[in-house]
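Participant: fold the following.
(one chain, ligands or ions: 1)
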Amino acid sequence: MLHHLFVNTNIESETIEVEKGISLFIFRLGDGKPHVFVISGIHGNEQTGVYVAENLIEKLSKTELFGSITIVPVANPPAFRCKSRNSPMDGLDMNRVFPGNREGTVTERLAAEIWEQAIQADYIIDLHSCEEECIPYVLALHREFSYVKSLAYKVGIPYVIESTGTRGQLFVEASREGIPAIIIEMGGKCSVDLQSAVRVRDSLLNFLTSLGIIQGYELESKPEFYGRIVEIRAPTDGLFIPKSFCGSEISEESPIGEIKNKNNITSPLNGLLVYIKKVMYVFKGEKIAGIATKLKH
Ligand SMILES: [Zn+2]
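Facilitator: Numbers count the residues shown, from 1 in each chain. Modelled structure (predicted):
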């Protein structure tokens, strides 16, 4: 059982069986308001968020709380078990089907259950791993909704990037319903990026402190806000070799990488290199890096 895999089994959880053998484990800590909802494992191959959620459950179960936190560490158990982004049950990407459908497929039913739980909260935080090597960043509709911007500010992760707002994502649908909701992207796919995990866990503890739910964590936080990610794609097939690191500020025309013996790839704009691929064979049109530009306040 997943429950035994990732948490100390003497911490109580609520089990909701969506289909025989497929259950959501929901951890409720504290009670009353403010109420924060933290979810991870919507994509089954993204493990860093699951680790952060597990860390939070262990930490908060030993802490006095003035408010409540609901944590769902593995939102998509079949996909987590198969280490795949989409569900092996119906092929769906869970983060395209919110608010879900109680009469639908397994993924749609899981999403419907999660949606019901999530919309009861005052804040929703959804933990993911970025496509490539990436810095921890917040993805949010921060230009569209002021309450989302204010949540992103309080969480205090240094980079807040504008989402394209693709429908069916938990944070997009919740934001549109008036609930402050964000994604936090981290490194680590099919593995746990411990460095990202510790930074994000501490930011979340800091956020809970700023709400008055816990005491004792106060990190200095001054996030910068960025526009949407501009994707850099491979100009041709070949071996991609990066020449810059994620997290670096790069200027227009500066080198990002090369396709060995074929093309030098330069940045089309000034901005923050949010993610970049490692050395690997790529095909024409494949995403190799993402750059976002800082917004003026
Ligand atoms: Zn994801």
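Participant: quick check on whichever residue of the stretch 101-250 of the chain sits closest to the ion: phi, psi?
Facilitator: Closest contact between the stretch 101-250 of the chain and the ion, by Cβ to the ion, is at His128 (3.4 Å). All C-beta spots, glycine's among them, are computed from the backbone N, C-alpha and C. Torsion angles at His128 (phi, psi; degrees, to the nearest 10) stand at phi -130, psi 170.
Participant: so where's the stretch 51-200 of the chain uncertain?
Facilitator: The model of the stretch 51-200 of the chain has pLDDT under 70 over residues 131-132.
Participant: now do the contacts for the closest residue to Leu170 other than its chain neighbours.
Facilitator: What sits nearest to Leu170 in space, not counting adjacent residues and going by Cβ to Cβ, 6 or more residues apart in numbering, is Phe98, at 4.7 Å. By Cβ atoms under 8 Å, 6 or more residues apart in numbering, the contact set of Phe98 is 111, 114-115, 168-170, 172-174.
Participant: how about Ile288?
Facilitator: Listed by Cβ under 8 Å, 6+ apart, the contact partners of Ile288 are 232-234, 240, 242, 256-257, 265, 276-277, 282.
Participant: and the gap between the residue nearest to it when sequence neighbours are not counted and Ser23?
Facilitator: Using Cβ to Cβ, 6+ apart and skipping the chain neighbours, the partner closest in space to Ile288 is Lys277 (4.9 Å). Distance, Lys277 to Ser23, by Cβ to Cβ, to the nearest Å: 36 Å.
Participant: what does Leu269 give?
Facilitator: Look at Leu269 and Ser23: by Cβ to Cβ, they are 46 Å apart.
Participant: and Cys134, by the same measure?
Facilitator: Per Cβ to Cβ, Cys134 is found 31 Å from Ser23.
Participant: repeat that for Cys190.
Facilitator: According to Cβ to Cβ, Cys190 and Ser23 sit 23 Å apart.
Participant: the two: who's more crowded?
Facilitator: Ser23 (19 against 11; other Cβ atoms under 10 Å).
Participant: other residues contacting the helix or strand the more buried one falls within?
Facilitator: Element membership for Ser23 (DSSP states H and E) is strand 22-30. Residues from elsewhere that reach strand 22-30 (Cβ under 8 Å, 6+ apart): 2-3, 7, 11-18, 57, 60-61, 65-75, 77-78, 89, 106, 110, 113-114, 117, 213.
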